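# Generate a structure from the sequence data that follows.
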Amino acid sequence: MTPRDIIEKNIKFQNPERIGLRFNALGVSDVHRIYVQHPGNVANDSSGEISMAKKRKYPDNIDEWGCKWENVSGVEESDMGQVLDPPIKHIDQAQDYPFPDPYDPKHFPRIEETLALSGEKFVQLNSPFCLFERLHFLRGFEDSLCDLALEPEKSAKLLDAIIGFQIGIAEMAGRLGGSRIHCFDTTDDWGTQAGMFISPKMWRQAFKPRYKKLIDTVHDNGMYFRFHSDGKINPILEDLVEIGVDILNIHQPLLIGFDEIREKLRGKVCLEVSVDIQATLPYGIKEDITNQVKKIIDNCCTPAGGLIGVEYRRGKAVGISQQALEYELAAFQKFGSL
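Predicted coordinates:
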């Protein structure tokens, strides 16, 4: 089986020979990841070297949404930074705000060359900060929550503009990729250590239908949909399955709980899971990492597949060593045959 076959058969529960693997930092991956680019980077580059690699540096640190990014840790390779001065100061300003154009081809520079590098791997396009994250980057976290509660109609218009951007990116990926981009990958962190940022009821009213619209567009353009969300998002796990998420990334399996994962997710969605990035990996204990990999396989994978073992890309930010990642990968490789 090719690497693409491995991933697709795990997604479809079609009896792959092993689980999928995505440990790009260690040079072992069935997945070739490409990234939607900031048009300003392309316009200002004279080297001719820009392709769809990961590049989160923006001219003057301002992205195409007008959000100014600052790296407060001083460790660029481990921290993507944060928006410290959201540009939309009042929800009424959103009506005339200059939103970026998702159909700008500069989001996909040198796409033919980029796709040619994928070989027989499963190609995954990353378009980050799907809806909630972009909302609070634009408005600020507390103001976003207040808008949702106190100005639901105005907040809805802003949400529609944000999800419209992602829908446009998905349509461009389908148009330019010509079936060679296999997966649309995006993110929205929804949970704290104890629960969700908003009530499940509000999430279902304001966010669920918009995610569904994006997922339907992704599927209509011949791609799978991968979603990442950190935190204790237990109340919406079944909702994510219902709206058509194909791959669900989980970095904190102990926080969600293996019983919940087994009951609500196993066999219903392909799970992309790492050893817990807070409770286990930072300590680097080989026996604990190996035992948890076994538990992941037992609770997240079916005999017909449905699992991708994955690294945590920003390990330095939370104290994860390369040796710990090597222990994790070795265990997935040893126990991941199906």
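# Quick check: Leu21 touching Gln333?
Yes: using Cβ atoms under 8 Å, Leu21 is in contact with Gln333, at 7.2 Å. The C-beta positions use only the backbone N, C-alpha and C, and glycine is treated the same way.
# more neighbours, the two?
Neighbour count, other Cβ atoms under 10 Å: between Leu21 and Gln333, Leu21 has more, with 23 against 16.
# where does that one fall, helix, sheet strand or coil?
Under DSSP: H, G, I helix; E, B strand; the rest coil, Leu21 falls in the strand class.
# For the lowest-mean-pLDDT helix or strand in the chain, C-alpha coordinates in PDB please.
When the helices and strands of the chain are scored by mean pLDDT, DSSP states H and E, helix 39-43 comes last with a mean of 82. Extracted C-alpha coordinates of helix 39-43, given in PDB (Å, rounded to 0.1, in the frame of the first residue of the first chain):
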ATOM      1  CA  PRO A  39      -0.400  36.900  -0.100                       C
ATOM      2  CA  GLY A  40       1.800  39.600   1.300                       C
ATOM      3  CA  ASN A  41       4.700  37.100   1.700                       C
ATOM      4  CA  VAL A  42       4.400  36.200  -2.000                       C
ATOM      5  CA  ALA A  43       4.200  39.800  -3.200                       C
END
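# C-terminal to that helix, which secondary structure element comes first?
Per DSSP states H and E, helix 39-43 leads on to strand 69-70 as the next helix or strand towards the C-terminus.
# For that next one, which outside residues touch it?
Outside strand 69-70, the residues within contact range by Cβ atoms under 8 Å, 6 or more residues apart in numbering are 56, 58, 61-63, 80-84.
# Mind doing that once more with 6 Å?
By Cβ atoms under 6 Å, 6 or more residues apart in numbering, the residues outside strand 69-70 that reach it are 61, 81, 84.
# List the pairing partners of that strand within its sheet, with orientation.
Strand 69-70 has the following sheet partners, assigned by DSSP bridges: strand 82-83 (antiparallel).
# quick one: the strand it pairs with to chain centroid distance?
18 Å (Cα atoms, centre = their mean, to the nearest Å).
# got the contact list for that strand?
Strand 82-83 has contacts (Cβ under 6 Å, 6+ apart) with 67, 137.
# Okay, buried residues for the helix or strand following that strand please.
Sequence order places helix 111-116 as the next helix or strand after strand 82-83, per DSSP H and E. Neighbour-count burial for helix 111-116, counted by 16 or more other Cβ atoms under 10 Å, picks out 111, 114-115.
# before we move on, what about stretch 168-178?
Neighbour counts over stretch 168-178 (16+ other Cβ under 10 Å) mark 168-174, 177 as buried.
# can you check stretch 279-289 too?
Burial within stretch 279-289, assessed by neighbour count using 16+ other Cβ under 10 Å, is assigned to 280-282, 284, 288-289.
# Pull the distance from it to the chain's centre.
Mean-position distance between stretch 279-289 and its chain equals 24 Å (Cα atoms, centre = their mean).
# got it, and stretch 311-319?
15 Å.
# and it, how far apart are its ends?
14 Å (Cα to Cα, to the nearest Å).
# please begin residue numbering at 19 from this point
Sure thing, new numbering starts at 19, so read that last one as stretch 329-337.
# can you map out the strands along the stretch 219-356 of the chain?
Here the stretch 219-356 of the chain has its strands, by DSSP state E, counting those that start in this stretch, at 242-246, 265-268, 288-291, 325-328.
# want to throw the ones you listed into CSV with mean neighbour count and mean pLDDT?
Converted to CSV, the strands of the stretch 219-356 of the chain look like this (neighbours: other Cβ atoms under 10 Å; pLDDT from 0 to 100):
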stretch, mean neighbour count, mean pLDDT
strand 242-246, 22, 98
strand 265-268, 22, 98
strand 288-291, 26, 98
strand 325-328, 27, 98
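# Buried residues, the least confident helix or strand of the chain. List them.
Going by 16+ other Cβ under 10 Å, helix 57-61 has these buried residues: 57-60.
# which stretches of the protein have low pLDDT?
64-68, 90-97 (pLDDT under 70).
# Do you have the helices of it handy? List them.
Counting by DSSP state H, one finds helices in the chain at the ranges 21-30, 57-61, 129-134, 150-157, 159-168, 170-195, 218-224, 226-238, 255-260, 271-274, 276-282, 304-318, 340-353.
# Gln296 and Gly337: what is the separation?
Distance of Gln296 to Gly337, given as Cβ to Cβ, to the nearest Å: 10 Å.
# So for the two, which residues contact both of them?
Shared contacts of Gln296 and Gly337 (Cβ under 6 Å, 6+ apart): none.
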